[in-house]
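Visitor: Sequence plus predicted model, see below.
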Amino acid sequence: MKTYSMTQPRSLPGQPRRFQAPDFEALIEAAGDLIYTLDFKGCFTYLNQASEQVLGYEPCALLGRPFTEILTAESALVATRHYHQGLLGQERTPFFEVEARRPDGGVVHLEVRAGALVRDGEMVGRQGIARDINAIKALQTLVTEKSQRVTLLEERTRIAMAMYARIAELVYADPGAGPAGGEMLQEVQHAFDQLAAQKHGLSVADLRILGLLAQGHSNSEIADIICRSPHTVKDSVKKIMQRLNAKRRAEAVACAIKLGLIAPPS
């Protein structure tokens, strides 16, 4: 049978080995999470050293103060409700989340696990562990924002494709449309190109230059094709590269293809 002692004497052969009891106070003080106790008035009676890192307060600065003083108004209501439910033995879950105000003006998100503080079989208050979950909250916000942007982009793409398909159906379903139908479809495509270009600070003319760059044409060749001076084309290419944050012409072309502004060269 194992026994526990505050000392660790040498065990004699044939005798049970003795172990030193854990120093719980040292463990609590070394914990990275905030550990606290409250009295029946909701005032702090103990905080470990993590309070300085998590909340920005030294433990002695919070002793005797109500826990509501360091919480935002909304979180104070949540924590107070949970506190009173705990005293009455009516809490549904030991976990809840709150926002605490730091003395530097910052706000820290805390995940709290609370329970009854019992001594000699009698409840004398509440106790809990609070964990800083700011990093988790920031990650959740980032994931949500990216998900929303992807959903919005997919929806816009779906609507645009549906409109384009419907217009094409109307144009080519009319045998009498002839060349006029094709011209109408080109106008719609031109409008879509213009919207896509404007989104990135470009013009439809810039997209045409990008398309010619993708085909390997030089500035002089592009100038002849679009009936502009080589100097004008050079300035346009420079502007395009700035808009697409590209350092080289090939990089600008690759970026435009990736963004769907131009089609890959066949």
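Guide: Thanks, I have it. Residues are numbered from 1 along each chain as shown.
Visitor: can you list the residues that contact the longest strand seen in the chain?
Guide: Assignment by DSSP state E gives strand 107-119 as the longest strand of the chain. Residues outside strand 107-119 that contact it (Cβ atoms under 8 Å, 6 or more residues apart in numbering): 34, 37-38, 54-55, 72, 79, 82-83, 86, 89, 91, 94-102, 123-134, 136-137. All C-beta spots, glycine's among them, are computed from the backbone N, C-alpha and C.
Visitor: Take the residues you listed and keep only those in strands.
Guide: Judged by DSSP E, these include 34, 37-38, 95-101, 123-132 as members of strands.
Visitor: For the buried ones among these, write the corresponding ChimeraX selection.
Guide: In ChimeraX, a selection of the buried entries from the ones in strands among the contacts of strand 107-119 looks like this (16 or more other Cβ atoms under 10 Å):
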select :34,37,38,96,98,99,100,101,125,126,127,128,129,130,131,132
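Visitor: what about the helices in the stretch 101-250 of the chain?
Guide: Secondary structure of the stretch 101-250 of the chain (DSSP state H, counting those that start in this stretch): helices at 134-173, 178-199, 204-214, 219-226, 230-243, 249-258.
Visitor: which stretch in these has the least confidence?
Guide: Ranked by mean pLDDT, the helices of the stretch 101-250 of the chain bottom out at helix 178-199, which scores a mean of 64.
Visitor: what about Trp75, how many neighbours?
Guide: For the record, residue 75 is Ser, not Trp. 22 (other Cβ atoms under 10 Å).
Visitor: Please spell out which residues along the helix or strand harbouring it are buried.
Guide: In this assignment (DSSP states H and E), Ser75 forms part of helix 73-87. For helix 73-87, burial by neighbour count (16+ other Cβ under 10 Å) applies to Ser75, Ala76, Val78, Ala79, His82, Tyr83, Gly86, Leu87.
Visitor: likewise stretch 104-123?
Guide: Val108, His109, Leu110, Glu111, Val112, Ala114, Leu117.
Visitor: For the second one, give the beta-bridge partners.
Guide: Using DSSP bridges, the bridge partners assigned to His109 are Glu99.
Visitor: what's the distance between Gly128 and Glu74?
Guide: 19 Å (Cβ to Cβ, to the nearest Å).
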